[in-house]
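Visitor: structure for this input, please:
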Amino acid sequence: MADIPPNAQTGEPALAQAEIRDLQRTVQALRTELELKEMDKDNAVQSAIAASSQEIAQLKATVAALRDTLELSHIERDTAVQKATAYAQDEMQQVKAAAGALREQLELCRIEIGNAVQAERQAASDEIAQLRATIQEMRERMEAAASKERQ
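Guide: Numbers count the residues shown, from 1 in each chain. I've put the predicted structure just below:
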């Protein structure tokens, strides 16, 4: 009995070890949750990038199709010029207006895609910062608890 420290008689080391195990489990759970959030964020960014890439590919296909249509209309215009110069000029103005409007729409789509990707990145960054702050707070609490136990 004389060799056993007074705290060992009360079972405090066992409680401290149990609390340490609980804290370690909590830290592991937080790490796992952080990893899941990171994966969710990465998946969201990848999804946004994939969606953007798909939309860009569709827009490029539309532009290519419109270019083909435009080239065809130029051929038709040349034929129409031989028949009636006035009709060909009107057709050319309509095609240029359509191409300009499509370019504006394409640029607006690119801006929207860029903004959406930036917003997703910002949201993910904010979430990471929040999680890091939570982890820091948990560490500080654990250190404070450990410090209290040492005292």
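
Visitor: flag the shaky bits of the chain, pLDDT-wise.
Guide: 1-11, 77, 80-81, 86-88 (pLDDT under 70).

Visitor: can you do 80?
Guide: Per-residue confidence for the chain (pLDDT under 80) gives these ranges: 1-11, 77-91, 151.

Visitor: longest helix in it, by residue count?
Guide: Ordering each helix of the chain by length in residues (DSSP state H) puts helix 12-83 first.

Visitor: packing partners of the helix or strand just after that helix?
Guide: Per DSSP states H and E, the first helix or strand lying C-terminal to helix 12-83 is helix 85-150. In terms of contacts (3 or more Cβ pairs under 8 Å, 6 or more residues apart in numbering; DSSP states H and E), helix 85-150 is packed against helix 12-83. C-beta here means a position set from N, CA and C on the backbone, and glycine is covered the same way.

Visitor: mind giving me the packing neighbours of the helix it packs on?
Guide: Partner elements for helix 12-83 (3+ Cβ pairs under 8 Å, 6+ apart): helix 85-150.

Visitor: can you give me the offset of the helix it packs on from its chain's centre?
Guide: 7 Å (Cα atoms, centre = their mean, to the nearest Å).

Visitor: between that helix and helix 12-83, how big is the angle?
Guide: Between the axes of helix 85-150 and helix 12-83, defined by axes from the mean of the first three to the mean of the last three Cα atoms, to 10 degrees, the angle is 170 degrees.

Visitor: what's around Ile56, how many residues?
Guide: Residues lying near Ile56 (other Cβ atoms under 10 Å) number 14.

Visitor: one more: Ala129?
Guide: Ala129 has 10 neighbours, counted by other Cβ under 10 Å.

Visitor: check whether Thr134 really touches Leu30, as I assumed.
Guide: Yes: Thr134 is in contact with Leu30 according to Cβ atoms under 8 Å; the separation is 7.5 Å.
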